[in-house]
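Trainee: quick one, what's the 3D model for this:
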Amino acid sequence: MSYKAAVITVSDRCSKGLQEDTSGPALAEMLTDEGYEIVYRGLVPDEQELIESEIIKCADEIGANIILTTGGTGFSPRDVTPEATRAVIERETPFIPQAMLYYSLKITPRAMFSRMVAGIRKNSLIINLPGSRKASTENLSGIIGALDHALHMLAGEGHE
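Mentor: Numbers count the residues shown, from 1 in each chain. Next comes the predicted model:
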């Protein structure tokens with residue numbers, strides 16, 4: 001089955017045109033290479049209400065099966081992507097971020113400084129990723145092989 005994907009970049013600098021978004025396109029390319037259809041690409045500043053609105057739009061209106069956010073997961077006072085995600089998900093899936101952490105810690109001890117969240121809203125799986133291209137693609141690499149099964153289960157199609 002082909003799944004619909006959305007990628008939302010959360011960045012003050014990119015949203016103001018001060019920096020190029022490299023992580024969003026890289027994540028979209030990884031998903032496309034795995035057979036996902038990119039149905040939405042968004043870019044918002046680090047504002048909780050705007051992040052929440054983007055996630056809700058992707059889940060409720062667009063019907064994306066998987067929604068990846070990139071950015072806003074660190075320690076900066078403006079990093080509020082995890083809070084926005086928790087505000088809109090119905091069920092948290094804590095072991096997805098744990099799997100990414102485990103994978104990333106093999107690459108850098110700085111992985112422990114990310115506050116990623118993952119969860120389910122309706123039929124959409126939402127996963128926060130770090131903002132840098134390197135960190136976001138490394139984290140997605142650690143879980144991408146299992147996502148198809150998760151989405152299959154979320155769609156109510158049982159075990160493969």
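Trainee: tell me what the residue nearest the centre of the chain is bridged to.
Mentor: Nearest to the mean C-alpha position of the chain, by Cα atoms, centre = their mean, lies Leu68 at 2.3 Å. Bridge pairing for Leu68 (DSSP bridges) gives the partners Val7, Ile127.
Trainee: what's near enough to touch it?
Mentor: 5-8, 27, 31, 126-127, 129, 140 (Cβ atoms under 8 Å, 6 or more residues apart in numbering). For every residue, glycine as well, the C-beta is placed using N, CA and C.
Trainee: quick check, nearest of the residues you listed to His152?
Mentor: Ala5 (14.5 Å; Cβ to Cβ).
Trainee: ok, now how distant is Thr93 from Glu37?
Mentor: To Glu37, Thr93 is 22 Å away according to Cβ to Cβ, to the nearest Å.
Trainee: more neighbours: those two, which one.
Mentor: Thr93 (17 against 12; other Cβ atoms under 10 Å).
Trainee: wait, what's in contact with the closest residue to Glu52 other than its chain neighbours?
Mentor: Counting by Cβ to Cβ, 6 or more residues apart in numbering, Glu52 lies nearest to Ala84, which is 4.7 Å off, once chain neighbours are set aside. The contact partners of Ala84, by Cβ under 8 Å, 6+ apart, come to 48-49, 51-52, 55, 72.
Trainee: tell me the helix or strand right after the strand or helix carrying Ala84.
Mentor: In this assignment (DSSP states H and E), Ala84 forms part of helix 81-88. Where DSSP H and E defines the elements, the next helix or strand beyond helix 81-88 is strand 91-92.
Trainee: got a list of contacts for that next one?
Mentor: Residues contacting strand 91-92 (Cβ under 8 Å, 6+ apart): 86, 117-120.
Trainee: in this protein, which spans are helices?
Mentor: 12-15, 23-33, 48-56, 81-88, 95-105, 133-141, 144-154 (DSSP state H).
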